[in-house]
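Engineer: Pasted the sequence and its predicted model underneath.
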Amino acid sequence: MLKILKYSFFDMMRSRWIYLYFGFFFAFTLSLFLISTDLSKVVVSLMNVILILCPLIATVFGVMYYYNSREFTELLLAQPIARRVIFLGQYIGLALSLSLSLLAGVGIPFVIYGIFQSADIWNFFSLLLNGVFLSFIFSGISFWIALKNDQQKIRGFGLALAVWLFFAVIYDGIFLLLLLSFSDYPLERFALGASMFNPIDLSRITVLLQLDISALMGYTGAVFQQFLGNGTGMLFAFGVLTLWLLLPLWRIGRIAGVKDF
């Protein structure tokens, strides 16, 4: 798997789109520092971009990489290599390249502006960690969808983008509609549980709680603060994100083992 992972990683790192991805975050982060040197404000501004853009880019790259490397994959499948090894190696190499571009693009400006001498360093690390999780989760989901629809590119692209749209936009709309419709009932625990089924929302909550602005989320925010605001709660939240990461891994391995290519 390591050789396939390395090949996929360096293949992605040779793509100009990866450098554009890095360049966007680098330029955007620097521009935020030119507007304000308050690290907390920069983290909040970056959060709104990372939590939407990282899943979208990971979704698009995951589907594109699978379909564009189809011929090379067929060559590998003709070799005495386990199918799971081939597809998992490709997926991990893809996700690592996206994560590295994000870490470098956001991290370098923060280092320049002295993040290691700031009290906001844990907020910074929490933001980047959530960005990496989302990159792995959504590239895995899109790779899984493309693998399942390997002969139907349009269907694969459509389903992958629909999944991103659901978690990024539609889920929140349904969630808010339910809260408004049943506002007379105590829904705080329901809101807490429902957030676990959306990795984007869960990442947003963990970052906001690190910034100590959960009061802006109202009484529900107080419930999140009570449950997730301590070390055990944060470990639980990242444990749920880890499950979201492992789910596509499991599905990719399962489909690769039984699918007739």
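Structural biologist: Yep, it's here.

Engineer: show me where pLDDT drops low in the chain?
Structural biologist: Along the chain, segments meeting pLDDT under 70 span 118-120, 187-188, 211-230, 258-261.

Engineer: One more pass at 80, please.
Structural biologist: Along the chain, segments meeting pLDDT under 80 span 1-2, 37-38, 40, 114-121, 176, 179-180, 182-193, 208-234, 256-261.

Engineer: Nearest the geometric middle of it, what residue?
Structural biologist: Among the residues of the chain, the one closest to the centroid is Leu134, at 1.0 Å (C-alpha atoms, centre = their mean).

Engineer: Please enumerate the helices of this structure.
Structural biologist: 2-13, 16-35, 39-68, 70-77, 83-112, 121-148, 153-165, 171-181, 188-195, 199-210, 218-228, 231-258 (DSSP state H).

Engineer: okay, now Leu165: neighbour count?
Structural biologist: 13 (other C-beta atoms under 10 Å). For every residue, glycine as well, the C-beta is placed using N, CA and C.

Engineer: Identify the residues contacting the residue nearest to the centre of the chain.
Structural biologist: 50-51, 54-55, 58, 199-200, 203 (C-beta atoms under 8 Å, 6 or more residues apart in numbering).

Engineer: which among these gets closest to Phe157?
Structural biologist: Nearest to Phe157 among the contacts of Leu134, counting by C-beta to C-beta, is Ala58 at 13.9 Å.

Engineer: these two touch, right, the closest one and Ser99?
Structural biologist: No - using C-beta atoms under 8 Å, Ala58 is not in contact with Ser99; the gap is 9.1 Å.

Engineer: Which residue comes closest to Thr37 once chain neighbours are left out?
Structural biologist: Closest residue in space to Thr37, ignoring its immediate chain neighbours: Tyr113 at 6.6 Å, by C-beta to C-beta, 6 or more residues apart in numbering.

Engineer: Backbone dihedrals for the residue of the chain most remote from its centre, please?
Structural biologist: Of all residues in the chain, Asp184 sits farthest from the chain's C-alpha centroid, using C-alpha atoms, centre = their mean; the distance is 34.2 Å. Main-chain torsions, Asp184, degrees, to the nearest 10: phi -80, psi -10.

Engineer: Make residue 1 into 894 and carry on from there
Structural biologist: That works, and once the first residue is 894, the last one we named lands at Asp1077.

Engineer: could you check the distance from it over to Lys934?
Structural biologist: 37 Å (C-beta to C-beta, to the nearest Å).

Engineer: go on, Leu1136?
Structural biologist: 32 Å.

Engineer: With Asp1094 instead?
Structural biologist: 22 Å.

Engineer: For those two, indicate the residue with more neighbours.
Structural biologist: Asp1094 (19 against 15).

Engineer: list the contacts for that one?
Structural biologist: Here Asp1094 is in contact with 1064-1065, 1068, 1088 (C-beta under 8 Å, 6+ apart).

Engineer: Check these for burial and list the buried ones.
Structural biologist: Taking 16 or more other C-beta atoms under 10 Å as the criterion, what is buried in the contacts of Asp1094 is 1064, 1068, 1088.

Engineer: Brilliant, that's me finished.
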